[in-house]
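Colleague: no FASTA, just this:
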DNA sequence: ATAAAGTTTAACCAAATGGTTAACAAAGAT
DNA sequence: ATCTTTGTTAACCATTTGGTTAAACTTTAT
């Protein structure tokens, strides 16, 4: 008998919960819906994760820990500034096309509960600006790039790469694109955005 | 007797609903909480707006119609490209500092129900890309700016201006800023962002 | 003054929802 | 074999929640 049970119940729950939470958010998600999606009894949810809140936190942390390494490409790697910008724009957009609900999910829940950021910061994997700040200051001092604050540049890089996913429905409306056309627009951004940024910090 | 009732109940409800919906979203908001916030009986909510859904839609449409005119600065005004970029970055950021929850609220609910965009598009006030597209194509043809698609530039402008509000809690964490410091960062962006964009489309 | 229309409230209600319990089944341990 | 631990389920429960009803109060029209 081929058992559908190569994956444990616990894993099925986490995957189902991810799907439902990402689509509906914490308050919109229903425990019954997660159970149905995982094809198990609702009580099992409480057996493995004691409450909705706990289950949610498990999903959220998993999601966040998928994104943090991406950010670290910019903040903590020994590439040149241009390399960082090109690599990040390429990698991040590729990654997001595969997980389009992730950024919206994370931003939404952090807005709902801003204090939650504090918890994340204490994590070892939470990215720090220090190295990046040093790199930018040196590049500015050595006249490699125009004068710009590291924080502002960092925000610009994230904005240009993440926003098109968070605001996808709205932007689709504005530029009057269907799903397929919009995906093409996003594909083009993989290089477009990097050049846009590099152009703007040139001397 | 000084009556607290210069504002009608209906207006009090809408204002209270705005506050609660913007903070908690459609599914997180509670009718009782809205009633308490407006200091009226819960039944009155149903008297003026028949259901939670209807009340939500009223709030949402009001919110959206506050933003649409801002977008039209870029898309439909007879300013030069640089003027548009500078004015929009200035106005939009000023406006958002006063209504920081607006963009997140709108994006969240559009993600929850993407079909809702269709309804908005039929609105007369919904911005169209046409004029802007023409302006950019001409500027590119006349070698005023480097080659760039109008859609990509448009997305870039919105990303750089809106994302810092949508992602505020996260960005505060990354750049290690408290509320006051972050507000300064945003203030600086009013001009910083415009120059960033203009620099990147120069020939 | 009185009727009619509009506004506001307290008391209710049915459905949905997160969570618990207790019984049952499967798998290891002795 | 039997005992113990782990996994799974159906039935149940208390609370929350959006929504209704009917009565009372206020304003406006006649």
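Modeller: Received, thanks. Small disclaimer: the values here were computed from a predicted structure and weren't measured.
Colleague: by contact count, what packs against the lowest-mean-pLDDT helix or strand in chain A?
Modeller: Between all helices and strands in chain A, the lowest mean by mean pLDDT, DSSP states H and E belongs to helix A:116-121, at a mean of 88. With contacts taken as 3 or more C-beta pairs under 8 Å, 6 or more residues apart in numbering or on different chains; DSSP states H and E, helix A:116-121 sits against helix A:102-112, helix B:168-174. (Each C-beta comes from the backbone N, C-alpha and C, glycine too.)
Colleague: can you put these in CSV and add mean pLDDT and mean neighbour count?
Modeller: Formatted as CSV, those follow (pLDDT from 0 to 100; neighbours: other C-beta atoms under 10 Å in any protein chain shown):
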stretch, mean pLDDT, mean neighbour count
helix A:102-112, 94, 22
helix B:168-174, 96, 21
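Colleague: want to throw these into TSV with distance to residue B:59?
Modeller: Compiled in TSV, the helices and strands packed on helix A:116-121 are given as follows (distance: least, C-beta to C-beta, whole Å):
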stretch	distance to residue B:59
helix A:102-112	17
helix B:168-174	21
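Colleague: how does chain A divide into domains?
Modeller: Using automatic domain parsing, the domains assigned to chain A come out as A:1-50, A:65-201.
Colleague: and these, which one is worst for confidence?
Modeller: Ranked by mean pLDDT, these bottom out at domain A:1-50, with a mean of 89.
Colleague: Out of the domains of chain A, which is the most enclosed?
Modeller: domain A:65-201 (a mean of 18; mean count of other C-beta atoms under 10 Å in any protein chain shown).
Colleague: Which parts of chain A are strands?
Modeller: With strands called from DSSP state E, chain A shows none.
Colleague: For it, which residues are neighbours of DNA strand D?
Modeller: By the rule C-beta under 7 Å from any atom of the strand, the part of chain A lying against DNA strand D is A:8-9, A:40-44, A:47.
Colleague: tell me how far stretch A:192-203 is from the chain's mean position?
Modeller: 22 Å (C-alpha atoms, centre = their mean, to the nearest Å).
Colleague: hmm, I was thinking of stretch A:155-172
Modeller: 11 Å.
Colleague: who touches residue A:194 in this structure?
Modeller: Contact analysis of residue A:194 by C-beta atoms under 8 Å, 6 or more residues apart in numbering or on different chains lists A:85-86, A:88-90.
Colleague: now, which of those residues lie within helices?
Modeller: Of the contacts of residue A:194, the ones assigned to helices by DSSP state H are A:85-86, A:88-90.
Colleague: Could you point out which of those residues is nearest to residue A:176?
Modeller: Closest to residue A:176 out of the ones in helices among the contacts of residue A:194 is residue A:89 (24.6 Å), distances taken as C-beta to C-beta.
Colleague: Not including adjacent chain positions, what is the nearest residue to that closest one?
Modeller: residue A:194 (4.1 Å; C-beta to C-beta, 6 or more residues apart in numbering or on different chains).
Colleague: Return the distance of the spatially most central residue of chain A relative to chain B.
Modeller: Among the residues of chain A, residue A:103 comes closest to the average C-alpha position under C-alpha atoms, centre = their mean, at 4.1 Å. To chain B, residue A:103 is 9 Å away according to C-beta to the nearest C-beta, to the nearest Å.
Colleague: ditto for residue A:188
Modeller: Taken as C-beta to the nearest C-beta, the span from residue A:188 to chain B is 7 Å.
Colleague: so who does that residue touch?
Modeller: Residue A:188 touches B:149, B:152, counting by C-beta under 8 Å, 6+ apart.
Colleague: and the gap between it and residue B:35?
Modeller: Distance, residue A:188 to residue B:35, using C-beta to C-beta, to the nearest Å: 49 Å.
Colleague: cool, residue A:193 as well?
Modeller: 46 Å.
Colleague: Please apply the same query to residue A:145.
Modeller: For residue A:145 relative to residue B:35 (C-beta to C-beta), the value is 55 Å.
Colleague: Could you do residue A:7 as well?
Modeller: 46 Å.
Colleague: Pull the residues that contact the least confident helix or strand of chain A.
Modeller: Contact with helix A:116-121 is made by A:60, A:64, A:109-110, A:126, B:169-170, B:172-173, as judged by C-beta under 8 Å, 6+ apart.
Colleague: Show me which pair in these is furthest apart.
Modeller: Most distant of the contacts of helix A:116-121, by C-beta to C-beta, are A:60 and B:172, 17.7 Å apart.
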